[in-house]
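>>> sharing a model prediction with you, sequence too.
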Amino acid sequence: MNDLTYSALEKALIAREWRLYRTLALGAGNEAINRVRSRIRTELKKPSSLSLDSTPLTDRVIAAIWSFAKTTISDLTPSRARAMIIYEVMGLMTRQEMYKKRIRNLRTRSHEKLAIRKVA
């Protein structure tokens, strides 16, 4: 996410909102946030999202969810929405890395089992 091209002020606002949002995102009880998170995740799963850099991706997702998100979270700011999107992107990247690691581990175990069978 180092390729964000927002102004220094906007990056500072996003960072502040990130710290606030991270706490809210970890608590499952806020239904409004959960609804907006779900909408963000839906947008991020679209194939067109896969090839975009961070700023264009964030801008595309915010354009797609803004009306719904602003209605759902009345005090939502663009900076907070961007922080939410970036948070979900980072979570998606983390889940993908964990999945890849599991696949590598499974392949390694399968190869080890085959090697053991060949030796025996």
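Nice, thanks for sending it over.
>>> for the rest of this, base every contact and every neighbour count on C-alpha atoms.
Fine.
>>> quick one: contacts for the residue lying closest to residue 79 once chain neighbours are set aside?
Computed as CA to CA, 6 or more residues apart in numbering, the closest residue to residue 79 that is not its neighbour in sequence is residue 14, at 5.0 Å. For residue 14, the contacting residues are 79-80, 82-83, by CA atoms under 8 Å, 6 or more residues apart in numbering.
>>> in helices, which of these appear?
The helices, defined by DSSP state H, take in 79-80, 82-83 from the contacts of residue 14.
>>> give me the low-pLDDT residue ranges for this structure?
The chain contains residues with pLDDT under 70 at 1-2, 28, 50, 93-102, 104-120.
>>> which of the three states applies to residue 5?
What DSSP: H, G, I helix; E, B strand; the rest coil gives for residue 5 is coil.
>>> without its sequence neighbours, what residue ends up closest to it?
residue 55 (6.2 Å).
>>> can you list the residue ranges for helices in the protein?
Using DSSP H, helices in the chain cover 8-26, 31-44, 54-72, 78-119.
>>> if we can go back for a sec, next, format the contacts of residue 14 as CSV and append neighbour count and distance to residue 35.
Shown next, in CSV, are the contacts of residue 14 (neighbours: other CA atoms under 10 Å; distance: CA to CA, whole Å):
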residue, neighbour count, distance to residue 35
79, 18, 18
80, 20, 15
82, 23, 16
83, 24, 16
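>>> may I see the residues you listed arranged in JSON lines, with distance to residue 32 as well?
JSON lines is the format used below for the contacts of residue 14 (distance: CA to CA, whole Å):
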{"residue": "79", "distance to residue 32": "17"}
{"residue": "80", "distance to residue 32": "14"}
{"residue": "82", "distance to residue 32": "16"}
{"residue": "83", "distance to residue 32": "16"}
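>>> quick revisit: isn't the residue nearest to residue 5 right up against residue 4?
Yes. With contacts counted by CA atoms under 8 Å, residue 55 reaches residue 4, the gap being 5.1 Å.
>>> looking at those two, which one has more neighbours?
Neighbours per residue (other CA atoms under 10 Å) separate residue 55 from residue 4, with residue 55 holding more: 17 against 14.
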